[in-house]
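1. what's the 3D shape of this:
(one chain, ligands or ions: 1)
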Amino acid sequence: MRRRVFSGARPTGRQHIGNYLGAIQNYVALQGEYECIYCIVDVHALTTLENTERLQSDIREMMLDWLAAGLDPEKSILFVQSHVPEVMELHTLLSMVTPLGWLLRVPTFKEKARMQPHNVNYGLVGYPVLMTADIVLYKAEVVPVGEDQVPHLELAREIVRRFNNLFGPTFPEPQPKLTSFPLVMGLDGAQKMSKSYGNHIELAASPAETLELVMTAVTDPARRYRSDPGHPEICNVFNLHRFFNPTRVEEIATECRTAGIGCVDCKRLLADGINSMLAPFREKRAALANNEGYVAEVIATGARRAQVIARETLAEVKEKMGLLWKPDV
Ligand code: TRP
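-> Numbers count the residues shown, from 1 in each chain. Below is the predicted model of the structure:
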């Protein structure tokens with residue numbers, strides 16, 4: 001049997017090229033080798049959201065991007081976390097074997113508590129327990145994530161070990177599978193590409209929007225005049241050429257170093273590269289978006305398939321934890 005992959009991502013709406021290079025591309029590739037389950041974690045989003053007006057449209061936009069990028073509902077289970085509510089039951093049960101001290105030490109908890117001191121809610125503390133429940137509900141062994149999620153997975157393994165010790169072997173210990181892609185920096189060249197910094201390019205942007213955004217990108221600051229030689233190795237626009245103009249990278253580097261091309265020319269080349277590479281994605285996305293009811297159908301099917309596995313695991317957990325009612329004792 002193929003090994004099982006699970007990954008979750010917060011509903012952040014339309015995805016950008018950093019999301020694609022850092023995560024989605026990897027999700028797509030894993031579909032060939034593993035049985036994959038990919039989930040949009042709407043309940044996790046509630047730990048930091050105070051306004052949920054856009055939650056449903058963010059889920060839909062994100063799923064459209066996933067589908068257009070090649071996540072295939074025939075191959076993988078694609079669903080929304082809260083549509084399989086068994087995960088919340090498992091979260092409660094796992095919380096009984098998770099020492100509070102473990103949770104208070106998690107770096108992301110401390111960071112979020114600092115970022116939202118007015119809203120250090122109970123769910124925020126339990127975030128990694130819910131994440132563990134996501135993974136082990138499907139007995140997934142492999143979890144594609146970024147570096148920042150490694151402490152969460154360590155904790156997941158500790159919870160699993162403790163559960164297995166107390167109640168007998170039940171869950172495999174999930175291992176992170178780190179994406180080998182270098183960090184994708186934002187257009188500001190200062191921080192990683194992220195919607196929250198507003199330094200991103202959406203996959204679904206139009207060619208004109210893409211060009212306009214690329215033109216705002218920060219390049220080598222030492223290159224002030226068109227005739228100054230550039231330093232591609234420190235230039236963020238050049239870094240993006242590696243992904244979007246892979247066959248012309250050497251040529252572009254030479255042209256930059258010799259001031260053969262200016263930054264404006266170079267950005268135009270980048271926008272062309274992005275636009276031609278994403279053209280098939282954009283076409284497919286537009287078609288899917290026009291197909292009324294398609295996303296709803298995909299996530300309903302995903303939830304149904306996920307729930308079959310979830311119910312089986314949860315029944316086993318309850319039995320092992322002594323929660324099965326036996327009228328004859
Ligand atoms: N915590 C992850 C993030 O912020 C999202 C997530 C939730 C997740 N549940 C998961 C990732 C399960 C992997 C597996 O990116």
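2. buried residues, stretch 99-113. List them.
-> Using 16 or more other C-beta atoms under 10 Å as the test for burial, stretch 99-113 gives 103, 106, 109, 112. All C-beta atoms are positioned from the backbone trio N, CA, C, and that covers glycine.
3. need the residues that contact it.
-> With contact meaning C-beta atoms under 8 Å, 6 or more residues apart in numbering, stretch 99-113 is reached by 47-48, 120, 124-129, 148, 151-152, 155, 158.
4. can those residues go into TSV with extra columns for pLDDT, neighbour count and secondary structure?
-> Below are the contacts of stretch 99-113 laid out as TSV (pLDDT from 0 to 100; neighbours: other C-beta atoms under 10 Å; DSSP: H, G, I helix; E, B strand; the rest coil):
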residue	pLDDT	neighbour count	secondary structure
47	94	20	coil
48	92	15	coil
120	93	14	coil
124	95	19	helix
125	96	19	helix
126	97	21	helix
127	97	22	helix
128	98	24	helix
129	98	25	helix
148	88	10	helix
151	94	16	helix
152	96	21	helix
155	97	20	helix
158	98	17	helix
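5. just those now: which is nearest the ligand?
-> Nearest to the ligand among the contacts of stretch 99-113 is residue 152, at 5.9 Å by C-beta to the nearest ligand atom.
6. and the closest one, what is it in contact with?
-> 106, 108, 127, 128, 131, 145.
7. now with 6 Å?
-> 128, 131 (C-beta atoms under 6 Å, 6 or more residues apart in numbering).
8. got the residue ranges for the helices in the chain?
-> All helices of the chain, identified by DSSP state H, fall at 17-19, 25-30, 42-45, 55-69, 86-95, 100-104, 107-115, 122-136, 150-167, 207-215, 236-244, 249-257, 263-290, 294-320.
9. export the ones you listed to JSON lines and tack on distance to the ligand?
-> JSON lines is the format used below for those (distance: least, C-beta to the nearest ligand atom, whole Å):
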{"stretch": "helix 17-19", "distance to the ligand": "11"}
{"stretch": "helix 25-30", "distance to the ligand": "11"}
{"stretch": "helix 42-45", "distance to the ligand": "5"}
{"stretch": "helix 55-69", "distance to the ligand": "13"}
{"stretch": "helix 86-95", "distance to the ligand": "9"}
{"stretch": "helix 100-104", "distance to the ligand": "14"}
{"stretch": "helix 107-115", "distance to the ligand": "8"}
{"stretch": "helix 122-136", "distance to the ligand": "4"}
{"stretch": "helix 150-167", "distance to the ligand": "6"}
{"stretch": "helix 207-215", "distance to the ligand": "24"}
{"stretch": "helix 236-244", "distance to the ligand": "21"}
{"stretch": "helix 249-257", "distance to the ligand": "30"}
{"stretch": "helix 263-290", "distance to the ligand": "22"}
{"stretch": "helix 294-320", "distance to the ligand": "13"}
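10. so which of those gets nearest residue 184?
-> Proximity to residue 184 (C-beta to C-beta) singles out helix 17-19 among the helices of the chain, at 4.0 Å.
11. how far does that closest one sit from its chain's centre?
-> Averaging C-alpha positions (C-alpha atoms, centre = their mean, to the nearest Å) puts helix 17-19 9 Å from its chain's average.
12. how about stretch 219-231?
-> With C-alpha atoms, centre = their mean, you get 35 Å for stretch 219-231.
13. quick check: mean pLDDT of it?
-> Per-residue pLDDT over stretch 219-231 has a mean of 91.
14. then it to PDB, C-alphas only?
-> Extracted C-alpha coordinates of stretch 219-231, given in PDB (Å, rounded to 0.1, in the frame of the first residue of the first chain):
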ATOM      1  CA  THR A 219      16.500  45.200  -7.200                       C
ATOM      2  CA  ASP A 220      20.200  45.500  -6.400                       C
ATOM      3  CA  PRO A 221      20.400  48.800  -4.400                       C
ATOM      4  CA  ALA A 222      24.000  49.400  -5.600                       C
ATOM      5  CA  ARG A 223      22.700  49.700  -9.100                       C
ATOM      6  CA  ARG A 224      21.500  53.300  -9.300                       C
ATOM      7  CA  TYR A 225      22.100  54.200 -12.900                       C
ATOM      8  CA  ARG A 226      21.400  52.200 -16.000                       C
ATOM      9  CA  SER A 227      25.100  52.100 -16.700                       C
ATOM     10  CA  ASP A 228      26.100  50.700 -13.200                       C
ATOM     11  CA  PRO A 229      27.000  47.000 -13.300                       C
ATOM     12  CA  GLY A 230      24.500  44.800 -11.300                       C
ATOM     13  CA  HIS A 231      25.000  42.000  -8.800                       C
END
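15. show me what counts as buried in it.
-> Quick answer for stretch 219-231 (16+ other C-beta under 10 Å): 219, 220, 223, 230, 231.
16. which outside residues touch it?
-> When contacts are defined by C-beta under 6 Å, 6+ apart, stretch 219-231 is touched by residues 234, 235, 237, 256, 257, 259, 262, 263.
17. once you drop chain neighbours, what's closest to the fifth one?
-> The shortest distance from residue 257 to any residue that is not its chain neighbour, by C-beta to C-beta, 6 or more residues apart in numbering, is 5.5 Å, and that residue is residue 229.
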